[in-house]
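Asks: Sequence plus the predicted model coming up.
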Amino acid sequence: MTNKKSSFLIKFIILSTLVLAFILVLLGIIFNNYSSSKDNKDLINTVQQLEISDEKINSVFQNSFNFINYDPSVQAIKKMQENFKKLKTFG
């Protein structure tokens, strides 16, 4: 009788440990996907801001280069440099 009880207890403990390990692995996969999707969203936003900055700079240089257009072009270039720094942090 005690041999059957101890055998069942050992099987139960092993199965419980395996289920717990499987659940922890699944949680790790879920949180890894969440963090990488968040990084991907930040990366997409940065690239979109770079495209907007590029369009602003192009529009400035399509017009004649005068002092009225100088300030927005400098601002757009600074924004573009900030976005390049963000991209470097992503790898």
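Replies: Noted; the coordinates are in hand. None of these values were measured; they are calculated from a predicted model.

Asks: contacting residues around the residue most central in space within the chain?
Replies: Nearest to the geometric centre of the chain sits D39, at 0.7 Å (C-alpha atoms, centre = their mean). Counting by C-beta atoms under 8 Å, 6 or more residues apart in numbering, D39 makes contact with F90. Yep, even glycine has a C-beta here, placed from its N, CA and C like the rest.

Asks: Any stretches of this protein with poor pLDDT?
Replies: 1-2, 62-71, 91 (pLDDT under 70).

Asks: need the helices for it, in chain order.
Replies: Ranges of helices in the chain, per DSSP state H, are 2-62, 67-90.

Asks: Looking at these, which one is packed in the most?
Replies: helix 67-90 (a mean of 13; mean count of other C-beta atoms under 10 Å).

Asks: residues making contact with it?
Replies: 39, 42-43, 46-47, 49-50, 53-54, 56-57, 60-61, 63.

Asks: Okay, I13 and L20: tell me how far apart.
Replies: Using C-beta to C-beta, to the nearest Å, I13 is found at 11 Å from L20.

Asks: for E55, same thing?
Replies: Applying C-beta to C-beta, the value for E55 to L20 is 53 Å.

Asks: same check, this time on Q49
Replies: Separation of Q49 from L20 (C-beta to C-beta): 44 Å.

Asks: and if you look at L26?
Replies: Counting by C-beta to C-beta, the gap from L26 to L20 is 11 Å.

Asks: Touching both of these two, which residues are there?
Replies: Common neighbours of L26 and L20, using C-beta under 8 Å, 6+ apart, do not exist here.

Asks: is it possible to export the contacts of helix 67-90 to a markdown table including distance to S73?
Replies: Output for the contacts of helix 67-90, formatted as a markdown table (distance: C-beta to C-beta, whole Å):
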| residue | distance to S73 |
| --- | --- |
| D39 | 31 |
| D42 | 26 |
| L43 | 25 |
| T46 | 20 |
| V47 | 20 |
| Q49 | 16 |
| L50 | 15 |
| S53 | 10 |
| D54 | 12 |
| K56 | 8 |
| I57 | 6 |
| V60 | 4 |
| F61 | 7 |
| N63 | 10 |
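
Asks: tell me the contacts of K56?
Replies: Applying C-beta under 8 Å, 6+ apart to K56 gives the contacts P72, S73, A76.
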